[in-house]
Every structure is written in C-alpha cells, then in structure tokens.
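Q: I would like to see how this sequence folds:
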Amino acid sequence: MSVTVRRAGVEDITALASLRWTRRVDEMDEQPWGSRAEYLDSMRQWWATHPTGMLGFVAELARTENCGYLAVHPSPRSTSFYERCGYATSEGLLELRLDRR
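A: Here you go, the predicted structure:
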C-alpha cells in the first residue's frame, strides 16, 4: 500500500468534513447541528474564508485574547499530529459537557 501525505487543500474539504461528521456521529454518538448536507456546506463556507486552516487561526486568536491555554480532544491516531503542533499532555483536566445530559 502506498500513502501520500500532503497539506489538505480546498479540493479536500468535502472529504475532510465528511470524515469529521462520521467521527462525531458514528464514533462519538454526537449530533452536530443541522443535517449532514448543512454541516458539509457550512464547512465548505468556513474553509473558503479560512484557507490556511484552523489550528494556526485559533492559536493566534487565543493569544490575541490573552487566553491561558487551548485544549483539544484528539483521537488516538491524531495525538502525534497535535504534539507536532506543540500540544502536550495535561494532567487534571476536567470538563463539563454542555452538549449532553
């Protein structure tokens, strides 16, 4: 099997959004807002206005707003990606899930 790793482009947004929808709905039993088609359309619109991606945008916004930290909930497969972006394991992190009862 051959694997090519490259930076995602605008031509990849539908596939990326579809993977994200599948993970949230099928693997995590969450329900994103709206229908699958609305979600994919929203992601395509977001990508059009943020072509360089989200991690750098969010980190810069957090710095501008003087936030103390950013937290992510990576899957086991994405942990190394976040580590390469500078994220580190933090002990004692607690969360209140407002989207579940």
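Q: can you check which helix is longest in the chain?
A: Under DSSP state H, the helix in the chain containing the largest number of residues is helix 36-49.
Q: give the rounded mean pLDDT of that helix.
A: The pLDDT scores in helix 36-49 average 86.
Q: quick one: buried residues of it?
A: The neighbour-count check on helix 36-49 (16 or more other C-beta atoms under 10 Å) flags 39-40, 43, 47 as buried. Heads up, the C-betas are built off the backbone N, CA and C, glycines and all.
Q: which of those residues sits closest to residue 10?
A: Proximity of those to residue 10 (C-beta to C-beta) peaks at residue 47, which lies at 6.2 Å.
Q: so, low pLDDT: which residues of the protein?
A: 51-54, 100-101 (pLDDT under 70).
Q: how is it carved up into domains?
A: By the assignment in automatic domain parsing, the chain contains the domains 9-51, 53-90.
Q: ranking the ones you listed by burial, who's on top?
A: Mean neighbour count (mean count of other C-beta atoms under 10 Å) peaks for domain 9-51 among those, with a mean of 12.
Q: run the chain-centre distance for it.
A: 10 Å (C-alpha atoms, centre = their mean, to the nearest Å).
Q: now name the helix or strand holding residue 56.
A: Following DSSP states H and E, the helix or strand that holds residue 56 is helix 55-64.
Q: can you give the distance of that helix from its chain's centre?
A: 14 Å.
Q: what do you get for stretch 88-101?
A: For stretch 88-101, the distance to the chain centre is 16 Å (C-alpha atoms, centre = their mean).
Q: circling back: right, and the helix or strand after the helix holding residue 56?
A: Note on helix 55-64: by DSSP H and E, the next helix or strand toward the C-terminus is helix 79-84.
Q: for residue 59, which non-adjacent residue is closest in space?
A: residue 70 (6.4 Å; C-beta to C-beta, 6 or more residues apart in numbering).
Q: quick one: contacts for the one you found?
A: The contact partners of residue 70, taken as C-beta atoms under 8 Å, 6 or more residues apart in numbering, are 58-59, 62, 87.
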